[in-house]
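Chemist: What would the 3D arrangement of this be:
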Amino acid sequence: MFHSKKDTVYVVLAGIFITNALVAELIGGKLIDVGSAVMSIGILPWPIVFVSTDLINEYFGEKGVKKLSLITAGLIAYTFFILFFAQKIPAVKGSGLVSDYQFNGVFGQSQWIIVGSIAAFLFSQ
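Modeler: Predicted coordinates:
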């Protein structure tokens with residue numbers, strides 16, 4: 001599957017890059033105090049995204065970063081559609097777990113974050 005150590009490094013860095021970008025989108029609706037500023041907790045994974053971008057650029061060049069950025073934006077868009085449809089399917093009434101209201105409150109916000117973030121992400125990359 002992987003022909004060289006370099007292939008393995010690319011896949012591992014790509015996994016770190018994609019996972020942190022997606023997690024940032026999903027947790028971004030929670031606001032936290034950072035000193036005197038209020039910020040999204042989604043800022044926490046982004047330094048890891050940027051470090052992995054730098055490493056990929058160093059070892060695989062701009063072409064490697066651009067390809068991975070487009071793949072990641074596509075996967076984030078895919079996540080948007082999965083969340084959209086997941087919100088449309090009603091939860092089992094009285095299950096005692098997560099209600100539609102709770103689910104939509106959390107993941108509905110993530111969808112708005114995803115829309116703005118995809119544009120900013122592609123522009124910055």
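Chemist: Dead centre of this protein: give me the residue that sits there.
Modeler: The centre of the chain sits closest to residue 22, judged by C-alpha atoms, centre = their mean, with a distance of 1.6 Å.
Chemist: element containing that residue, please.
Modeler: helix 5-27 (DSSP states H and E).
Chemist: What of residue 32?
Modeler: Assigned by DSSP H and E, residue 32 falls in strand 31-34.
Chemist: Equivalent analysis for residue 79, please.
Modeler: Here residue 79 is assigned to helix 46-88, by DSSP H and E.
Chemist: Could you list every helix and strand in contact with that helix?
Modeler: helix 5-27, helix 100-124 (3 or more C-beta pairs under 8 Å, 6 or more residues apart in numbering; DSSP states H and E). In this view, the C-beta of every residue, glycine as well, is placed from N, C-alpha and C.
Chemist: C-alpha coordinates for the next helix or strand along the chain from the strand holding residue 32, CSV please?
Modeler: Reading on from strand 31-34 to the C-terminus, the next helix or strand found by DSSP H and E is strand 37-40. What follows is strand 37-40, C-alpha atoms only, in CSV (Å, rounded to 0.1, in the frame of the first residue of the first chain):
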residue,chain,number,x,y,z
ALA,A,37,-11.4,37.9,25.0
VAL,A,38,-14.1,35.5,24.1
MET,A,39,-13.1,33.0,21.5
SER,A,40,-14.3,29.8,19.9
